[in-house]
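**Q** next comes the sequence, and after it the predicted model I'd like to discuss.
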Amino acid sequence: MSVEILNVAYDTDTTRREWIENISNLYAQYLPYPGCQRAGLAYTINDAGELELPDGFHSPDNMSDERVMGILGAFNAVLDQQDVKNLFNAITCASFSQRLGELKAKHLINLTASFGAQDSITVASCNFDGTGFMFSSFHDKFVRVSKVHRREWMYVAAHVAAITRIRMAHEPADYFALAEWIYDKKTGRVIDAKSEAKDKEVSGRLIQATKTLDRNRVDKDETVITKWQALTEGRWTLLDVIDGPQNYVVAMPNDPPVREAVAMTTKQSQVLWFLLQGHSQAFVAYELGISPIAVSRLLTALRKKFGVKTTVELLRLTRGVLPQTPIPPALTDAQKDLMEGIANGFSDSEIAKRRNRSVKTVRNQIQTIYRLLGVNSRAELVAKFAF
C-alpha cells in the first residue's frame, strides 16, 4: 500500500494535474476509512491565510465542483489565519473532530455540517512555504483515527509534502536544471553535481540512498516505509526522471528557511526548524533521512552552542524563528500556571513544590494538558505555544 503510493508520489513523468488524480485515487483505495465522498487537492495558503487550489481537485467519487468549492469557501469564511495554520500547515492524519479537540477549537465542529457531513478524515502534507496536498473523506457520523494509523500515514504524508513542494513550485519542472546532483542509473555514474553534492563522500551516500530506494520500491514488506526516508541527508529529495530510454536520479534541493543563529550548521538548523514545528525527535530523524542517534548528537551540539542543558531550554531561546499558537483561553488558570512552569524549565518536582502538590499529581496534570493540546512532550509544548 504505502510503497505503491510513494511510487506514484515520486513519479515525475506526469503533469501536476495527472499527479493529483493518480495519488488521490490511491489514497481512496488504501486509506482504511471509506467515506461517503472523498477528494484530494494540492493547495497553497496565501498571505491572507486562505486556502487556494491552483490546480483544482480530484474526487474519486465524483464530488461536484459546487460541493468542493463550497467546502473550501466555508473554511475560508469561518477560519482565521491562525486556524488555517493549525489545521492545514502541518503533516498530520486525523479526523476533523480529533484535530479540533487537540487544538481546543471545538467551537468549529459544526463547520462540517454546513456542507452536509458530520465529520471528515484528512491526511495533510504541508510545507514550510504554505504548499501542501490533502486527501479527505467525509462521513455522516463522528469518526476517529487510531494512533497506529496516524503514525503510518504521517510517514506517507512526509514524502507527499516534499514532492508537493517541488510540484507546486515548478510546473512544468525542468528537473535537470533544478537538480544539484544527477545520476545515470544505466552507467552508474554521476553526470553532474553542484554545491555540497560535489563532495565525493556526499555523492557516495546519495548513490547508496538511490540503491536503497530502488530496493524499497519492490519490497513486499509494508514496514519498508519506515526505512524509506522522505529526504536524504536532510538536504535533498531524490526523484527518478526518465529522458527517452535513459533513467536518471536527480537530487532536488530541500532547505527549509531557518534564521541563522550561533553559527549553526545546515543540518543543525534543519533539526531545530523541525523541532520548532512541534515534530518529535523520531519524526525529525525520518524527515531528514538520518538516524535518531544522529539527531540526538546534533541536539547535544546545539545545546552546547546555546549554553543550555535541555532541549526545552533550547526551544525557549530559539522559538522566535516561527510564530507560536496562543495558549487556548479554555485552559484553567492552574493549567496555564503549570504550562508557565514547564516553559521556564522547572522539573516536575520543582513545579510540585511551587504549587504545593505531589509529584504524581503534577505529572497527571501535565498529561491532561498534553491530551488537551494534542502534544506529546515538554519540547513540543514549548515549541508550539506562546507564553
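**A** Cool, got the structure.
**Q** give me the residue at the spatial middle of the chain.
**A** Nearest to the mean C-alpha position of the chain, by C-alpha atoms, centre = their mean, lies residue 91 at 2.7 Å.
**Q** so that residue touches residue 158, yeah?
**A** Yes: with contact defined as C-beta atoms under 8 Å, residue 91 reaches residue 158; the gap is 5.7 Å. C-beta: built from backbone N, CA, C; applies to glycine.
**Q** related to what we said a few turns ago, residues contacting the residue nearest to the centre of the chain?
**A** Residues in contact with residue 91, defined by C-beta atoms under 8 Å, 6 or more residues apart in numbering, are 124, 125, 126, 154, 157, 158, 161, 279.
**Q** change it to 6 Å
**A** 125, 154, 157, 158, 161 (C-beta atoms under 6 Å, 6 or more residues apart in numbering).
**Q** now neighbour count, secondary structure and pLDDT too, for these, in TSV please.
**A** Putting the contacts of residue 91 into TSV (neighbours: other C-beta atoms under 10 Å; DSSP: H, G, I helix; E, B strand; the rest coil; pLDDT from 0 to 100) gives the following:
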residue	neighbour count	secondary structure	pLDDT
125	29	strand	86
154	21	helix	82
157	25	helix	85
158	19	helix	82
161	24	helix	84
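**Q** before we move on, the earlier item: partner residues bridging the residue nearest to the centre of the chain?
**A** Under DSSP bridges, the beta-bridge partners of residue 91 are residue 125.
**Q** quick check: the farthest pair among the contacts of residue 91?
**A** Greatest spatial distance among the contacts of residue 91 (C-beta to C-beta): 154 and 161, at 10.0 Å.
**Q** which residues in the stretch 51-200 of the chain form strands?
**A** Using DSSP state E, counting those that start in this stretch, the strands of the stretch 51-200 of the chain run over residues 51-52, 91-95, 119-126, 131-139, 181-184, 189-193.
**Q** please read the previous query as pertaining to the stretch 251-387 of the chain.
**A** Using DSSP E, counting those that start in this stretch, the strands of the stretch 251-387 of the chain run over residues 325-326, 385-386.
**Q** how far away is the nearest residue to residue 138 once chain neighbours are set aside from residue 109?
**A** What sits nearest to residue 138 in space, not counting adjacent residues and going by C-beta to C-beta, 6 or more residues apart in numbering, is residue 117, at 3.9 Å. Distance, residue 117 to residue 109, by C-beta to C-beta, to the nearest Å: 12 Å.
**Q** neighbour-wise, which of the two wins?
**A** In this view residue 117 and residue 109 are compared by other C-beta atoms under 10 Å, and residue 117 has more residues nearby, 21 against 15.
**Q** so the more buried one sits against residue 137, correct?
**A** No: here residue 117 does not reach residue 137: they are 9.4 Å apart, not a contact under C-beta atoms under 6 Å.
**Q** check what pLDDT residue 135 gets.
**A** The score at residue 135 is 91. That number is its pLDDT.
**Q** report how many residues lie close to it.
**A** So residue 135, with other C-beta under 10 Å, has 27 neighbours.
**Q** show me the contacts for it.
**A** Residue 135 sits next to 27, 40, 123 when contact means C-beta under 6 Å, 6+ apart.
**Q** mind putting the residues you listed into TSV with distance to residue 182, pLDDT and neighbour count?
**A** Formatted as TSV, the contacts of residue 135 follow (distance: C-beta to C-beta, whole Å; pLDDT from 0 to 100; neighbours: other C-beta atoms under 10 Å):
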residue	distance to residue 182	pLDDT	neighbour count
27	31	89	25
40	30	92	23
123	31	89	24
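**Q** for these, which one is nearest residue 188?
**A** Out of those, the member with the shortest distance to residue 188 (by C-beta to C-beta) is residue 27, at 34.8 Å.
**Q** name the element that closest one belongs to?
**A** According to DSSP states H and E, residue 27 maps onto helix 16-30.
**Q** now that helix against strand 119-126, angle please.
**A** With axes from the mean of the first three to the mean of the last three C-alpha atoms, to 10 degrees applied, the angle from helix 16-30 to strand 119-126 works out at 130 degrees.
**Q** distance between helix 16-30 and the chain's centre?
**A** On the basis of C-alpha atoms, centre = their mean, to the nearest Å, helix 16-30 sits 19 Å off its chain's mean C-alpha point.
**Q** same check on stretch 135-153?
**A** In terms of C-alpha atoms, centre = their mean, the centre of stretch 135-153 is set 16 Å apart from its chain centre.
**Q** CA-only coordinates of it in CSV, if you can.
**A** Extracted C-alpha coordinates of stretch 135-153, given in CSV (Å, rounded to 0.1, in the frame of the first residue of the first chain):
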residue,chain,number,x,y,z
PHE,A,135,-6.9,13.9,1.0
SER,A,136,-10.3,13.9,2.8
SER,A,137,-13.1,11.5,3.2
PHE,A,138,-16.4,12.9,4.5
HIS,A,139,-18.6,11.0,7.0
ASP,A,140,-22.2,11.2,8.4
LYS,A,141,-21.0,10.4,11.9
PHE,A,142,-18.1,11.3,14.2
VAL,A,143,-15.0,9.2,13.5
ARG,A,144,-11.5,8.7,14.9
VAL,A,145,-8.2,7.6,13.5
SER,A,146,-6.2,5.2,15.7
LYS,A,147,-2.7,6.2,16.8
VAL,A,148,-1.2,3.3,14.7
HIS,A,149,-2.9,4.6,11.5
ARG,A,150,-2.0,8.2,12.3
ARG,A,151,1.7,7.3,12.6
GLU,A,152,1.7,5.2,9.4
TRP,A,153,0.0,7.9,7.3
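**Q** what residues sit buried inside it?
**A** Buried positions in stretch 135-153, judged by neighbour count with 16 or more other C-beta atoms under 10 Å: 135, 136, 137, 138, 139, 143, 145, 149, 150, 152, 153.
**Q** determine which two of these are furthest apart.
**A** 138 and 152 (21.3 Å).
**Q** can you give me the domain assignment for the chain?
**A** 2-169, 175-253, 266-321, 325-386 (automatic domain parsing).
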